[in-house]
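Trainee: Here you go, sequence then predicted model.
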Amino acid sequence: MRTHTCGELRADHEAQRVALCGWVHARRGHGKLVFVDLRDRYGLTQIVFDAEDAPEELVDRGGRLPLETCVRVEGVVRRRRDANPKIPTGEVEVVADALEVLSETANPPVIPAHEDELPSEEVRMRHRYLDLRRPAMQRMLATRHRITKVARDFFDREGFLEIETPVLCRSTPEGARDFLVPSRKQAGMWYALPQSPQLFKQLLMMSGCDKYLQICRCFRDEEPRFDRQAEFSQIDLEMSFVTREQVLDVMERFVRELWREVVGFEPGPFPRMSYHEAMERFGIDRPDTRYGLELVDVSDLAQKTDFRVFRDALAKERGTVRAIRVPDAADRLTRKVLDGYSKFVQEFGAGGVPWTKIVAGESGPGVEGGVAKFIAPIASALIERMEGEVGDVLLFGADARSVCLKALGELRQKVARDLDLIDESAWNFLWVLDFPMFEYDGEERRFYAMHHPFTSPKSEEIERFLGAETGEIELIESIVSDGYDMVLNGNEIGGGSIRIHRQDVQKKVFELLGISESEAHERFSFLMEALRYGPPPMGGIAFGLDRLVMQVLGIDNIRDVMAFPKTHTGQDLLTGAPGPVDPEQLEELHVRSTA
């Protein structure tokens, strides 16, 4: 039906007769001269209906075409007198002599040409097929395709096999809630949708596959947020007979090639940082290193004051006082803004944000405003510790260590955004390494796996780990895993670990997590059985495909990098899912609704 696409024609096509198909993107009328921008996924071409070259009836029809009408146009290519350098086809236009309306349109609730006047996200998601016509969304789909293509090509050259794993599998405790599917043929039994292919890729390594790749769908019944959906995609990988260094080398080379091929930028070697250093300096295990605002421990100085907030915090178990220096911000951080920061950190369990400003004094820099009178005895030492200068603002956190770091880690990011301190053109990649094996929940009095229960301790930690007893909380908390995360500009884009390949180590993990031997056998009998038959050392990683697309395109909402996303309540507004089913279907599945 077409000889060319709407993004293909150039000056060397001049005088050629062509046929184009697409949608009416824009229309401009000038009496007997009508201009129509015709759009398909490849771009835009200007179509001219000119009464000097075509019947008036054709010009009239062209001038009445509603936006988003699907048409076929024939005509001759000519150079434009007023070239448009903003589009690749801008040197030429097609003088139409034939027009066929392929399908008419109702008044569209989403108009792709009106990028600055988009309707609500709810309307866009309900009419996603229209929203996806927008050039920005077409670029997203093309970028997503390009990323997966580069991934497949790279890992094919590295000797990886692409292998599919089951979507209907067994429910296992991996952190989030499972999506469950009732079995029709086994009454009362359930499948689970995979949170990841973690166990299957370990079994593939035990099967001798050596290197595995899959671009797969994963399902986690979690609350959505800006970078998380219940249904998402991973670039999932695993390798046998490897050390952590070998895994990091392959994955870093992949991401460097990905950015070179898709973005046109090749990063240098990725810096490395331990989990402990990341938490101490940035309050978060995925730090954004494009700006400063690092956390500084001032607990020893705070101990010398009579400030009750500091003293009460230090009296707590693992209590601490930390500070952030915000350079040259005294005029911009008003009392109203600072009060807002106190409310902000309350969302993360902190009581507020004590603050003060560094000012010039007769004998050198001093402090003024906020908690200045309470910290006067340590002002000089504090300013020296913080490397402060006149005009800086000091923000404090005082609480149990976990609360303090979390609150200041989040506050640090907010301050950077508020004061426009982030270099949006930078690509700061980072490896975060040496995560703890476990994190302890004081309320539930139990441990959770920091990554997942199949992450191995570092080799030098294994004997100490195997000798740990359940009640030795500090000892267990100190055991370091062979896990690693790849971070870009404060976002985790990939995470993985060296896996457990020893049966005694896996049993010990289950024991420390409070998973009884009978429960472990019930849920993981296939894994424990496989571990008896010579499994190889193995390690891998999973990249969040959606997050990679977000980073490449500079998009901050995961729903805008998925073709058919769900809302924040998990609804598909396009198809109406989830929806009711017939009682007969439930009966077949041996399920009864309590709603």
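Mentor: Structure received.
Trainee: Quick one: the helices in the stretch 451-595 of the chain, in order.
Mentor: With DSSP state H, counting those that start in this stretch as the criterion, the stretch 451-595 of the chain has helices at 462-466, 473-478, 503-512, 517-530, 545-553, 583-588.
Trainee: Would you tell me which one of these is buried the most?
Mentor: helix 545-553 (a mean of 22; mean count of other C-beta atoms under 10 Å). The way it works is simple: take the backbone N, C-alpha and C, and place the C-beta from them, glycine included.
Trainee: Which strands or helices does the longest strand belonging to the chain pack on?
Mentor: Across the chain, the longest stretch assigned as strand under DSSP state E is strand 17-30. Contact here means 3 or more C-beta pairs under 8 Å, 6 or more residues apart in numbering; DSSP states H and E; on that basis strand 17-30 packs against strand 33-40, strand 43-50, helix 56-63, strand 70-79, strand 92-103.
Trainee: what helices or strands is the stretch of helix or strand R412 belongs to leaning on?
Mentor: According to DSSP states H and E, R412 maps onto helix 401-418. Using 3+ C-beta pairs under 8 Å, 6+ apart, the elements in contact with helix 401-418 are helix 275-282, strand 295-297, strand 319-326, helix 335-346, strand 393-400.
Trainee: longest helix anywhere in this protein?
Mentor: Ranked by residue count under DSSP state H, the longest helix found in the chain is helix 135-157.
Trainee: What is the subsequent helix or strand relative to that helix?
Mentor: Immediately after helix 135-157, counting by DSSP H and E, sits strand 161-162.
Trainee: Which residues does that following strand contact?
Mentor: Residues outside strand 161-162 that contact it (C-beta atoms under 8 Å, 6 or more residues apart in numbering) are 152, 155-156, 209-215.
Trainee: before we move on, back to that, ranking the helices and strands packed on helix 401-418 by burial, who's on top?
Mentor: Comparing the helices and strands packed on helix 401-418 by mean count of other C-beta under 10 Å gives strand 393-400 as most buried, with a mean of 26.
Trainee: starting at the chain centroid, how far to it?
Mentor: In terms of C-alpha atoms, centre = their mean, to the nearest Å, the centre of strand 393-400 is set 29 Å apart from its chain centre.
Trainee: Out of the helices of the stretch 451-595 of the chain, which gets nearest to M1?
Mentor: Smallest distance to M1 across these (C-beta to C-beta): 31.2 Å, for helix 545-553.
Trainee: Could I get the average pLDDT for the closest one?
Mentor: Here helix 545-553 scores 97 as its mean pLDDT.
Trainee: and the contacts of strand 161-162, which of them are in helices?
Mentor: Using DSSP H, the subset of the contacts of strand 161-162 located in helices is 152, 155-156.
Trainee: Between these, identify the one with the most neighbours.
Mentor: Counting neighbours by other C-beta atoms under 10 Å, the top entry in the ones in helices among the contacts of strand 161-162 is F155, with 19 neighbours.
Trainee: neighbours of the closest residue to it other than its chain neighbours, just the number please.
Mentor: Leaving aside its chain neighbours, F155 sits nearest to L213 (4.7 Å; criterion: C-beta to C-beta, 6 or more residues apart in numbering). Neighbours of L213 under the rule other C-beta under 10 Å: 23.
Trainee: Please verify my assumption that L213 contacts E164.
Mentor: No: using C-beta atoms under 8 Å, L213 makes no contact with E164, being 10.7 Å away.
Trainee: with the ones in helices among the contacts of strand 161-162 in mind, which one is nearest to E511?
Mentor: Nearest to E511, judged by C-beta to C-beta, of the ones in helices among the contacts of strand 161-162 is F155 at 36.0 Å.
Trainee: Who are the contact partners of that closest one?
Mentor: By C-beta under 8 Å, 6+ apart, the neighbours of F155 are 162, 211, 213, 237, 254.
Trainee: The residue nearest to S593 when sequence neighbours are not counted and G188: what is the separation?
Mentor: Using C-beta to C-beta, 6+ apart and skipping residues adjacent in sequence, the residue nearest S593 is L586, 6.3 Å away. Separation of L586 from G188 (C-beta to C-beta, to the nearest Å): 13 Å.
Trainee: Check which helices and strands the strand or helix carrying L314 sits against.
Mentor: Counting by DSSP H and E, the element that carries L314 is helix 308-315. Other elements packing on helix 308-315 under the criterion 3+ C-beta pairs under 8 Å, 6+ apart are helix 299-302, strand 319-326, strand 393-400.
Trainee: export the ones you listed to CSV and tack on distance to K458 and mean pLDDT?
Mentor: Shown next, in CSV, are those (distance: least, C-beta to C-beta, whole Å; pLDDT from 0 to 100):
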stretch, distance to K458, mean pLDDT
helix 299-302, 29, 97
strand 319-326, 26, 98
strand 393-400, 27, 97
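Trainee: looking at these, which is closest to G467?
Mentor: In terms of C-beta to C-beta, the element of the helices and strands packed on helix 308-315 nearest to G467 is strand 393-400, at 28.8 Å.
Trainee: Return the angle between stretch directions for the closest one and helix 308-315.
Mentor: Strand 393-400 runs at 40 degrees relative to helix 308-315, counting by axes from the mean of the first three to the mean of the last three C-alpha atoms, to 10 degrees.
Trainee: angle of strand 393-400 against helix 401-418?
Mentor: Using the same axes, to 10 degrees: strand 393-400 against helix 401-418 is 150 degrees.
Trainee: Just give the strands next to strand 393-400 in its sheet, each with its orientation.
Mentor: Strand 393-400 has its sheet partners listed here by DSSP bridges as strand 319-326 (antiparallel), strand 355-359 (antiparallel).
Trainee: As JSON lines, those with distance to V110 would be great.
Mentor: Below are these laid out as JSON lines (distance: least, C-beta to C-beta, whole Å):
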{"stretch": "strand 319-326", "distance to V110": "42"}
{"stretch": "strand 355-359", "distance to V110": "46"}
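Trainee: which stretch among those strands comes nearest L573?
Mentor: Closest of the strands paired with strand 393-400 to L573 is strand 319-326, at 41.4 Å (criterion: C-beta to C-beta).
Trainee: I'd like to check what contacts the closest one. Which residues are they?
Mentor: Outside of strand 319-326, the residues within contact range by C-beta under 8 Å, 6+ apart are 283, 293-299, 301-302, 310, 313-314, 333, 382, 386-388, 392-401, 404-405, 408, 411-412, 415, 419.
Trainee: Would you indicate which residues of the longest strand of the chain are buried?
Mentor: 18, 20-27 (16 or more other C-beta atoms under 10 Å).
Trainee: Take the helices and strands packed on helix 308-315 and lay them out in CSV including distance to F270.
Mentor: Listed next are these as CSV, based on distance: least, C-beta to C-beta, whole Å:
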stretch, distance to F270
helix 299-302, 32
strand 319-326, 25
strand 393-400, 29
